[in-house]
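>>> Sequence and predicted structure, then a few things I'm wondering about:
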Amino acid sequence: MTRRTPTLAALIGFAAFSLATPAAAQDGEERGWTLTVGAGAQVYPKYPGADSLGVNPLPIIDLRREGDPLSFEAPDEGWGFGFLGNDSVFNFGPAIAFQNKRKDEDVGAAVGNVGFTVEAGAFAEVNISENFRLRAEGRRGLGGHDGWIGDISADLVLRDRDTYVFSIGPRARISDDNYQDSYFSVTPAVATATGLPAYDAGGGFHAVGVVAGLTYMLNRNWGLYGYAGYDRLVGDAADSPIVRTYGSRNQYSAGLGLFYSFNVGKLF
């Protein structure tokens, strides 16, 4: 599961959100804004196909119109904002995600380093009803794996306007040859150095899974955010000698954080 680098994503998101939503002020001219800030910790695989988890910070930030219901965002989606607004049945916009680097010592064998990757692309989603959303996201790696990766998701969203937002749904993840070569292929040179069989992973679906998230207000200002996810590698990724020898087909993730929400008046 590709992960956002939360601190950077939050800073970019806060700035871009303020630039992307001036029209919203016309609809809520008398309303201010509610800012949410918080922090926690999250664990997820050190690299795609790893059998060990890394512990990472989980900053939490959100900005919404005062009086609007709690925001929904799936835990594993790339950062982005919709051009058509949160109330639109159909929406689309940019999506950015980040993938940590993989080093030989992370794997335990000289299978090749993969640099830190910025993944930039776009998403499109359809809110079929108040409680059900479909979303597709595609991103291109800039540096690092230099491949294309996409996520297809469906989320059941249950909410109490000012108390909680809970979501859960299946995932299918697809990638091209460049992405799969970076993490799952074994070149002849690597085969000679490690004793692994040479292997050429092709593009296609590389994982399926499920993700759940919860935002819960403890009182007027304080709340908890948590998520849990599971991906199962499939196809050529699952058959990779790197995964079978040094990694795992099972990819787990989870995070928990505490946040504080407060009104900040009119910002724009």
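Structure received. Only a predicted model underlies this, so the values are computations on that prediction, with no experimental measurement involved.
>>> Poorly predicted segments of the stretch 51-200 of the chain, please.
For the stretch 51-200 of the chain, no stretch has pLDDT under 70.
>>> Could I get the full set of strands for it?
With strands called from DSSP state E, counting those that start in this stretch, the stretch 51-200 of the chain shows them at 53-57, 60-65, 90-99, 117-129, 132-142, 148-160, 164-175.
>>> what sits up against the fourth one?
Meaning strand 117-129. Residues from elsewhere that reach strand 117-129 (CB atoms under 8 Å, 6 or more residues apart in numbering): 2, 77-78, 80, 82, 88-99, 101, 133-146, 149. Just so you know, the C-beta spots here come from the backbone N, C-alpha and C atoms, and that holds for glycine as well.
>>> between the strands of the stretch 51-200 of the chain, which gets nearest to residue 245?
Relative to residue 245, the nearest member of the strands of the stretch 51-200 of the chain by CB to CB is strand 53-57, separated by 18.6 Å.
>>> how about the closest one: buried residues?
With burial defined by 16 or more other CB atoms under 10 Å, the residues of strand 53-57 counted as buried are residue 56.
>>> ok now stretch 79-86, how far from the chain's centre?
Relative to its chain's centre, stretch 79-86 lies at 15 Å (CA atoms, centre = their mean, to the nearest Å).
>>> and what of stretch 192-212?
What separates the centre of stretch 192-212 from the centre of its chain is 20 Å, taken as CA atoms, centre = their mean.
>>> same check, this time on stretch 112-123
Stretch 112-123 sits 12 Å away from the centroid of its parent chain (CA atoms, centre = their mean).
>>> At the geometric centre of the protein, which residue do we find?
For the chain, the residue nearest the mean C-alpha position is residue 76 (2.9 Å; CA atoms, centre = their mean).
>>> Hmm, that one is touching residue 171, no?
Yes. Contact between residue 76 and residue 171 holds when scored by CB atoms under 8 Å: they sit 7.0 Å apart.
>>> So for those two, which residues contact both of them?
With CB under 8 Å, 6+ apart, residue 76 and residue 171 have common neighbours 1, 151, 153, 211, 229.
>>> My guess is residue 154 contacts residue 167. True?
No. When contacts are counted by CB under 8 Å, residue 154 is not listed as touching residue 167 (10.2 Å).
>>> Those two: which has the busier surroundings?
Between residue 154 and residue 167, counted using other CB atoms under 10 Å, the more crowded position is residue 167 (22 against 15).
>>> before we move on, back to that, can you lay out the strands of the stretch 51-200 of the chain as TSV showing distance to residue 42?
Shown next, in TSV, are the strands of the stretch 51-200 of the chain (distance: least, CB to CB, whole Å):
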stretch	distance to residue 42
strand 53-57	5
strand 60-65	11
strand 90-99	13
strand 117-129	18
strand 132-142	20
strand 148-160	18
strand 164-175	16
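>>> closest to residue 196 out of the ones you listed?
With CB to CB as the criterion, residue 196 lies closest to strand 164-175 of the strands of the stretch 51-200 of the chain, at 20.7 Å.
>>> and that closest one, what does it pack onto?
When contacts are defined as 3 or more CB pairs under 8 Å, 6 or more residues apart in numbering; DSSP states H and E, strand 164-175 packs onto strand 148-160, strand 204-217, strand 222-233.
>>> would JSON lines of the ones you listed with distance to residue 176 be doable?
Output for the helices and strands packed on strand 164-175, formatted as JSON lines (distance: least, CB to CB, whole Å):
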{"stretch": "strand 148-160", "distance to residue 176": "4"}
{"stretch": "strand 204-217", "distance to residue 176": "9"}
{"stretch": "strand 222-233", "distance to residue 176": "16"}
